[in-house]
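Chemist: Kindly generate the corresponding structure for this input.
(one chain, ligands or ions: 2)
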Amino acid sequence: MTTGGGVFVTFEGGEGVGKSTQIRRLAETLTRRGHDVLVTREPGGSPGAEAVRHVLLSGAAQAKGPRFEAILFAAARNDHVEEVIRPALGAGRVVLCDRFMDSSRVYQGVVGGLDPEIVVALERIAINGLKPDCTIIFDMPAEEGLERVRARAGAAAGGQGLDGLDRFEKDEIELHRKRRDGFLDLAAEDPLRCHVVDARPAAGAVAAVVLSIVQPLLPDISCPTADTVR
Ligand SMILES: Nc1ncnc2c1ncn2[C@@H]1O[C@H](COP(=O)(O)OP(=O)(O)OP(=O)(O)O)[C@@H](O)[C@H]1O
Ligand SMILES: Cc1cn([C@H]2C[C@H](O)[C@@H](COP(=O)(O)O)O2)c(=O)[nH]c1=O
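Modeler: Numbering: from 1, shown residues only. Ligands and ions are numbered 1, 2, ... in the order given. Have a look, this model is predicted:
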């Protein structure tokens, strides 16, 4: 368990696999059961990192290349870790984070083509020793995830056909397929931390699988501890 008694769970995968949907459902379930839950995301999660998110997802940094983007992701991550995640874990909270270091390993590293030594060095600086207790990797064919993303963007635009996609969502389908493979490879390399979950079933069925993975990591809050009983 992470320092301070909190539990740090990250959610990863390609575009449109249902990370936000599942985090929202899990947070509702855990909160109802009495856990103190923090939902956060990357890039972003702290005021400084949210500003960097806009630069990255708008595509403003793309022309500078993967190294420049990777440095921005790392700077945003370090701010998020030190300003938000570490304090929350120190306070014993359950932190549910939409993407974290594995997205950098896959998007900028394995698929982005960044020198592995740079990926490792940036990760070390960014996370400063803080690793997830558990990582859920949602898996589905890249085409199906992108269909969900396009449907979501279309609905948000009131069905007016605006593409509404961010810098990474707009990439070629072959890159999305490689990202899926990259996440599966990471999961195979670190099976104690990473759990691959089939993202295709209905949201309720996926949520049940996610809960079964996270539940054993949580502190038992069913009985009062000795020092709360007077
Ligand atoms: N199990 C599911 N079955 C069908 N549709 C789903 C399922 N889960 C999520 N969706 C829908 O798919 C779309 C994408 O879901 P969501 O935003 O949760 O994915 P995401 O992984 O967070 O996306 P992104 O990669 O863009 O952050 C949403 O419109 C959501 O309602
Ligand atoms: C943390 C992180 C993210 N990315 C990419 C992956 C996604 O395309 C976007 C984030 O958008 P989302 O809708 O919030 O999932 O950013 C990345 O390339 N590297 C990273 O470290």
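
Chemist: all contacts plus neighbour counts: C-alpha atoms, from now on.
Modeler: Noted.

Chemist: In the chain, which residue sits nearest ligand 2?
Modeler: residue 104 (3.5 Å; C-alpha to the nearest ligand atom).

Chemist: Give the helix, strand or coil label for that residue.
Modeler: Three-state assignment for residue 104 (DSSP: H, G, I helix; E, B strand; the rest coil): helix.

Chemist: near ligand 2, which residues of this protein?
Modeler: Residues of the chain lying close to ligand 2 by C-alpha under 6 Å from any ligand atom are 42-43, 73, 99-101, 103-104, 107-108, 168-169.

Chemist: which two from those end up farthest apart in space?
Modeler: Using C-alpha to C-alpha, the residues of the chain next to ligand 2 reach their maximum pairwise distance at 101 and 169, which is 18.5 Å.

Chemist: buried set for the lowest-mean-pLDDT helix or strand in the chain?
Modeler: Across the helices and strands of the chain, mean pLDDT, DSSP states H and E gives its lowest value to helix 142-156, namely a mean of 93. For helix 142-156, burial by neighbour count (16 or more other C-alpha atoms under 10 Å) applies to 142, 145-146, 149-154.

Chemist: surely the residue of the chain closest to ligand 2 meets residue 70?
Modeler: Yes - Residue 104 is in contact with residue 70 according to C-alpha atoms under 8 Å; the separation is 7.1 Å.

Chemist: Quickly list what's touching both of those two.
Modeler: Both residue 104 and residue 70 are contacted by residue 119, under the criterion C-alpha atoms under 8 Å, 6 or more residues apart in numbering.

Chemist: ok, the residue positioned nearest the centre of the chain - contacts?
Modeler: The centroid of the chain falls nearest to residue 99 when counting by C-alpha atoms, centre = their mean (1.6 Å). By C-alpha under 8 Å, 6+ apart, residue 99 lies in contact with 10-13, 41-43.

Chemist: repeat that for 6 Å
Modeler: Applying C-alpha atoms under 6 Å, 6 or more residues apart in numbering, we find residue 99 in contact with 11-12, 42.

Chemist: and what of residue 94?
Modeler: Shown in contact with residue 94 (C-alpha under 6 Å, 6+ apart): 6-7, 37.

Chemist: and it, bridged to which residues?
Modeler: Beta bridges link residue 94 to residue 7, residue 37, judged by DSSP bridges.
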